[in-house]
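Engineer: quick check, what structure comes out for this input:
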Amino acid sequence: MAVVVQTDRAWPDDDVERAVIEGAGHRLVSGPATPASAEAIEALVAAHDPRAILTCWAPVSARAIALPSDLGIVQRLGVGLDNIAVAAASARGAWVANVPDYCVGEVADHAVALLLAWARGIVAFDMDVKGGRWDPAAARLRRIADLTVGIIGYGRIGRSTASKLRAFGCRILAHSRGRVDDPAVEAVTLDALLAASDVVIVHAPLTEATHHLLDVDRIARMRTGAFLINVSRGAIVDNQALLAALETGQIGGAGLDVVEDEPDPPRALIDRRDVIVTPHIAFSSEASLAELRRRAAEEVVRVLNGDPPQFPCNQPEGRA
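Structural biologist: The predicted structure follows:
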């Protein structure tokens, strides 16, 4: 029997994970639902000497990875790996894995929903009417089919977003590290995308290279009045650069499911009428969460049984 530590979760209980892990003969130890500090996670790991760590948002530091006597895997309950010291795991021979495709449709839907809410004035006019103002003459709305939409990051979710936007007749541009193999999508440089797009959607992962990818300089290259959507990671967009561009009118608004410094982002940014904010929920649906939790726990069991994970994100030293 192996011990599995679950550091945190974005749902009320650990029933799904526990059923899979303890059903396979192992023991699950759950930390608090709310992500704890790196030091608290290190103490949790030190206390239980796990062979596997399941983590949602909590930081899994190099020290946390070094502490267990026989760590096999750090499994992300999600897609991004920016809260895990991946290099440290590789160096000590432990797998890092994620569930890369559980919420593709949900995140793409959320990006399109933010675009529609902006283009049709849904959120702003809802607030007006509820506040007692009925003024259809104030509408300055957009025809969706006339929009050029630029997608930064053209992986699974970027492709899904593009497929949904094609139904509206949008012109679609994409900038990606990988190949853009859709004849209906124009592959362009990042600068060209920013200059030509009425809407810019961020679907890129957060890495050292993409941290503050959209900074003062790049946001200044966006088309005047454009709308910025971020459904990836908050730190890809520099908060202060975004706020400055909104205040000067350089861009026309933002739709943010993720914000740098969440869950306590700057009020000066998120209180603005031209900013639509949701609390990092683009991934979420009843179906996606059930799938994520089951598949993440199954990956842990797979590695504890001596097999490699289905979705490895590193190459551990000493493993073929």
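Engineer: quick check: buried residues in stretch 144-161?
Structural biologist: 144, 147-161 (16 or more other C-beta atoms under 10 Å). All C-beta atoms are positioned from the backbone trio N, CA, C, and that covers glycine.
Engineer: relative to residue 81, which of these is nearest.
Structural biologist: Nearest to residue 81 out of these is residue 155 (C-beta to C-beta; 13.9 Å).
Engineer: quick one, what contacts the closest one?
Structural biologist: 176, 178, 203 (C-beta atoms under 8 Å, 6 or more residues apart in numbering).
Engineer: who's in contact with the nearest residue to the second one once chain neighbours are set aside?
Structural biologist: So the one you mean is residue 178. For residue 178, ignoring the flanking residues on the chain, the nearest one in space by C-beta to C-beta, 6 or more residues apart in numbering is residue 154 at 6.6 Å. By C-beta under 8 Å, 6+ apart, the residues touching residue 154 are 162, 174-176, 178, 180, 185, 203.
Engineer: one more time with 7 Å
Structural biologist: Applying C-beta atoms under 7 Å, 6 or more residues apart in numbering, one finds that residue 154 lies in contact with 174, 176, 178, 180.
Engineer: which of the contacts of residue 155 has the weakest pLDDT?
Structural biologist: Within the contacts of residue 155, residue 178 has the lowest pLDDT, namely 85.
Engineer: so how far is residue 49 from that residue?
Structural biologist: Distance check for residue 178 against residue 49: by C-beta to C-beta, to the nearest Å, it reads 39 Å.
Engineer: neighbour count winner among those two?
Structural biologist: More neighbours surround residue 49 than the other of residue 178 and residue 49, with 14 against 10 (other C-beta atoms under 10 Å).
Engineer: so the residue positioned nearest the centre of the chain, which state does it fall into?
Structural biologist: Ranked by distance to the mean C-alpha position of the chain (C-alpha atoms, centre = their mean), the top residue is residue 232 at 3.6 Å. Put simply, residue 232 is coil when judged by DSSP: H, G, I helix; E, B strand; the rest coil.
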